[in-house]
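**Student:** Got a predicted structure plus its sequence, pasted below:
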Amino acid sequence: MKATETKLKGVFILEPQVFGDARGWFMESWSKRKMEEAGINVDFVQDNQSFSAQKGTLRGLHYQLNPKCQAKLLRCTRGKIFDVAVDIRKGSPQYGQWVGVELSADNKKQLFIPRGFAHGFITLTDDVEVQYKADNYYAPECDGNIRWDDADIGVEWPIEPVILSDKDKNAPTLKERAANHLNFVYEG
């Protein structure tokens, strides 16, 4: 596995080693040992999967507050997405900055997003499946979101969204959330 840290400290693009022959291919999609060798020490407790039927479906920017915050390891197993992480830790030198990467069934890349980051993606094809591991269980009382088109963050989505949930359409900005809601603190 090749682990490349992005411009956001702690966010990694992971590229598993793929072994192919005339029958097809094989890869380890996750290895605790290889993650630890890359400096990523996480105990995942839950696997999630989403399906989006239409190109232009945007999900995000989502997070879970402390004490139920989550680190995630994402991959796209059908179709193609543009996946985004945003640093929302108070005091972070990267606060409000984002990074995006294309994940697809073809490139088999994965994105590791640590705790204290918001996450979202947009589908670049029809019929997209995304699978991800989380290191904490879903807790609806800690669920939160930030506006996908927050001008202060400035995510450069590669296409305009066609489908948004009501929750994401009406999400507050990062400034609005930070004023009285976010409880992530940068610890260096």
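**Tutor:** Thanks, I have the structure now.

**Student:** nearest residue to E156 other than its sequence neighbours?
**Tutor:** G100 (7.3 Å; CB to CB, 6 or more residues apart in numbering). Quick note: C-beta positions are derived from backbone N, CA and C, even for glycine.

**Student:** One more: L182?
**Tutor:** I88 (5.8 Å).

**Student:** For that neighbour, give its distance to D135.
**Tutor:** Look at I88 and D135: by CB to CB, to the nearest Å, they are 17 Å apart.

**Student:** So these two - more neighbours on which side?
**Tutor:** I88 (24 against 17; other CB atoms under 10 Å).

**Student:** residues in contact with the more buried one?
**Tutor:** Y63, Y95, G96, G116, F117, A118, I146, L174, R177, A178, L182, F184 (CB atoms under 8 Å, 6 or more residues apart in numbering).

**Student:** For those residues, point out the one with the lowest pLDDT.
**Tutor:** For the contacts of I88, the weakest pLDDT value sits at L182, with 79.

**Student:** That residue in helix, strand or coil?
**Tutor:** Secondary structure for L182, judged by DSSP: H, G, I helix; E, B strand; the rest coil, is coil.

**Student:** That one: how many residues sit nearby?
**Tutor:** So L182, with other CB under 10 Å, has 19 neighbours.
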